[in-house]
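Novice: quick one: sequence plus predicted model below, questions after.
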Amino acid sequence: MKAVALSRQPKTGLSEETGKTLKPQRIGAVAKQLGISASMIRAWERLGLRREATKEGTHRLYSEKDVELLCRAVYLRRVQG
């Protein structure tokens, strides 16, 4: 089994500089941060990986907990092929 490393790790729920909770991010920003497509995130939502994102108008917003969950999913997908 070969080792797989994520090149982009999501930030934790607190900003390192200020210690404050980071604001929710849009799907495109999350996808770019994780190195996957926004359509992959939407597909995982349809499969029930996570609940549908909070919406601001027509934009999906993802909390830091959501990003951490998606990061684990990306890791597992890469490890298991």
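Specialist: Cool, the structure landed.
Novice: roughly how far does the nearest residue to residue 25 once chain neighbours are set aside sit from residue 44?
Specialist: Take residue 25 and drop its neighbours on the chain: the residue closest to it by CB to CB, 6 or more residues apart in numbering is residue 62, 5.3 Å away. All C-beta atoms are positioned from the backbone trio N, CA, C, and that covers glycine. Here the criterion is CB to CB, to the nearest Å. By it, residue 62 lies 12 Å from residue 44.
Novice: the more surrounded of these two?
Specialist: Between residue 62 and residue 44, counting by other CB atoms under 10 Å, residue 62 is the more crowded of the two (23 against 17).
Novice: torsion angles phi and psi at that one?
Specialist: phi -120, psi 130 (degrees, to the nearest 10).
Novice: quick check: neighbours of the helix or strand of the chain with the lowest mean pLDDT in the sheet, parallel or antiparallel?
Specialist: When the helices and strands of the chain are scored by mean pLDDT, DSSP states H and E, strand 54-56 comes last with a mean of 80. Applying DSSP bridges to the sheet, strand 54-56 is found paired with strand 59-62 (antiparallel).
Novice: re earlier: what touches both of residue 62 and residue 44?
Specialist: Shared contacts of residue 62 and residue 44 (CB atoms under 8 Å, 6 or more residues apart in numbering): residue 70.
Novice: quick one: which helix or strand includes the residue nearest the centre of the chain?
Specialist: Nearest to the geometric centre of the chain sits residue 67, at 3.0 Å (CA atoms, centre = their mean). Secondary structure assigned from DSSP states H and E places residue 67 in helix 64-80.
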